[in-house]
Structures are given as C-alpha cells and as structure tokens.
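In: structure here, sequence nowhere to be found:
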C-alpha cells in the first residue's frame with residue numbers, strides 16, 4: 001500500500017511541477033521520494049537529468065552514476081583541473097566544490113535556461129555564495145556547445161587533468177563526442193596521464209548494447225585503455241547508466257572492467 005501511495009504522490013508532484021522553457025523542450029522541476037529521502041528533480045521529456053537533496057545534504061549526490069565520477073579521484077588523488085561537459089542541475093560540480101578542495105572545475109552548459117534553473121532550484125547560487133567561488137576561481141560557468149568548447153581548448157593549448165561528459169538531450173548522447181574524431185578531440189584537451197569519464201545510457205551486452213560498444217570503439221582509437229563500470233542495479237542486458245573511462249594512464253580503478261587495451 002505504501003508503495004502505491006508513493007507512486008500516487010510522485011505522479012501528483014509531476015502533474016503540479018514547475019515548468020520552464022529550455023532549448024530542448026519544457027523542463028519540469030518537482031519533488032519526489034528517493035529512498036528514505038525526498039529530492040528535487042530536473043525532468044526533461046520523462047528522463048531525470050539531475051536531482052538534489054533538500055536538506056543539509058544538498059551538496060551530496062543522489063544518483064549512483066554521479067558517484068561513479070569519483071573514480072577520477074581514485075585514479076588521480078591530486079586533481080587540480082576538471083572540466084564537466086553538461087551542467088544540468090550542477091549536482092556533480094556542487095559535490096566537487098564541497099568535498100574536493102582545491103580542485104577547480106569548469107562546467108560547460110549550452111543552455112543558459114538550464115543554468116538559470118540550477119541557480120534557483122538546485123542550489124547553484126547557494127554553492128557560489130557558500131564557497132565564494134567567484135573569489136577563489138574554483139568554479140567557472142561556461143555557456144557554450146561542448147564540442148565547440150573543446151575545439152577552442154585544443155586550439156589554445158588548454159589541458160585538464162579530468163574531463164567528465166554528461167551531455168544528454170533526454171536519453172540521447174552528444175553524437176560528435178561518441179565518434180573517433182570526438183575521442184581524439186577529448187584526448188587533445190587532457191594532460192598526458194589525464195582521465196576521461198563519460199556517462200553512457202546503454203546495456204552492457206545484448207540487443208541494446210550498441211551505444212556502449214560504439215563509444216568504446218571510438219575511445220579505443222584515441223586512448224590506450226578503455227574501461228567500464230557496470231551498473232549494480234540491473235542485469236547486463238538491461239539499459240542503465242554505464243560509466244566509461246578512457247585514459248593513457250596505467251590505472252586500475254576498483255570495480256571497473258577493461259574492454260580495450262592498446263597493443
């Protein structure tokens with residue numbers, strides 16, 4: 001009965017959601033149950049793009065796949081510079097600023113409406129005030145297309161220790177960055193032992209694994225090693241968030257499976 005009640009409450013919340021226009025359609029902002037907590041979510045076309053806790057855990061990460069981005073700190077304990085492609089609700093940048101001083105992170109979000117939503121409803125403004133990010137320079141907000149931004153970085157010789165990719169429109173990934181040309185561009189914007197982590201919505205195997213393996217092949221054309229973090233929530237042939245890591249560094253993150261090693 002409680003499960004049914006929760007579903008009814010969540011459906012009611014979605015029906016009465018705050019609606020805001022964006023470049024990619026109408027964003028819905030509403031609260032829902034998430035385990036034992038309540039979270040505020042950013043819903044685009046029925047897909048949850050981001051979420052935030054509403055209590056004193058507002059800088060913590062509700063979604064398991066977001067926590068997998070912390071693999072970067074397992075590989076490189078001293079991450080000085082980080083770039084995140086796709087801001088959404090700025091959940092992971094909040095986590096980095098709150099928990100990984102002195103890491104600096106540039107967040108590239110193409111849609112100013114999304115950043116405005118994050119400022120008002122997902123505590124981005126609170127983050128900037130609390131951690132004085134304008135003064136410290138630890139957080140830089142870039143309004144640009146992710147691929148265009150990387151081209152500019154490659155041209156100007158700007159390099160990062162870590163690049164994170166969470167660019168999605170609903171469930172569709174950024175197509176250019178999933179091609180060999182995109183992989184080479186990412187590699188050009190990383191330090192020699194840098195780490196690239198990309199969220200891919202795919203099955204690990206079976207009829208729905210095309211997105212994952214297309215990504216692995218593309219990254220293998222530019223990097224020495226490609227690994228994945230399987231989801232623990234679903235079977236291998238079910239679609240879910242899969243974290244893909246590409247690097248030239250000789251890292252062995254716990255729980256990752258190597259899918260490609262250069263000969």
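Out: Okay, I see it. From a predicted model like this one, the values you see are computed outputs, not experimental measurements.
In: measure stretch 50-66 end to end?
Out: From its first residue to its last, stretch 50-66 covers 9 Å (Cα to Cα, to the nearest Å).
In: can you name the next helix or strand after the lowest-mean-pLDDT helix or strand in the chain?
Out: Within the chain, no helix or strand scores below strand 172-173, which has a mean of 54 by mean pLDDT, DSSP states H and E. Next helix or strand after strand 172-173 toward the C-terminus (DSSP states H and E): helix 180-188.
In: and the contacts of that next one?
Out: Applying Cβ atoms under 8 Å, 6 or more residues apart in numbering, the external contacts of helix 180-188 come out as 147, 150-151, 153-154, 163, 165, 174, 176-177, 196, 217-219, 221-223, 246, 248. (Each C-beta comes from the backbone N, C-alpha and C, glycine too.)
In: angle of whatever helix or strand comes next after it against helix 180-188?
Out: Later in the chain than helix 180-188, the nearest helix or strand by DSSP H and E is strand 190-202. On the basis of axes from the mean of the first three to the mean of the last three Cα atoms, to 10 degrees, strand 190-202 is oriented at 140 degrees to helix 180-188.
In: strands paired with strand 190-202, and their directions?
Out: strand 160-165 (parallel), strand 240-247 (antiparallel) (DSSP bridges).
In: ok, for the spatially most central residue of the chain, nearest residue in space, not its chain neighbours?
Out: When the chain is reduced to its mean C-alpha position, the nearest residue by Cα atoms, centre = their mean turns out to be residue 166, at 3.5 Å. In this structure, residue 166 finds its nearest non-sequential neighbour in residue 86, 4.0 Å apart by Cβ to Cβ, 6 or more residues apart in numbering.
In: okay but the one you found is in contact with residue 167, surely?
Out: Yes: counting by Cβ atoms under 8 Å, residue 167 is a contact partner of residue 86 at 4.0 Å.
In: for residue 250, which residues are in contact?
Out: Listed by Cβ under 8 Å, 6+ apart, the contact partners of residue 250 are residue 225.
In: phi, psi of the closest residue to residue 189 other than its chain neighbours?
Out: Nearest non-adjacent residue to residue 189, counting by Cβ to Cβ, 6+ apart: residue 153, 4.5 Å away. Note on residue 153: backbone dihedrals following degrees, to the nearest 10 are phi -60, psi -50.
In: how deep is residue 153 tucked in, by neighbour count?
Out: Applying other Cβ atoms under 10 Å, we find 21 residues neighbouring residue 153.
In: show me the contacts for it.
Out: 83, 159, 160, 188, 189.
In: quick one, helices of the stretch 51-200 of the chain?
Out: Using DSSP state H, counting those that start in this stretch, the helices found in the stretch 51-200 of the chain span residues 64-67, 71-75, 91-99, 112-121, 124-130, 133-136, 146-156, 180-188.
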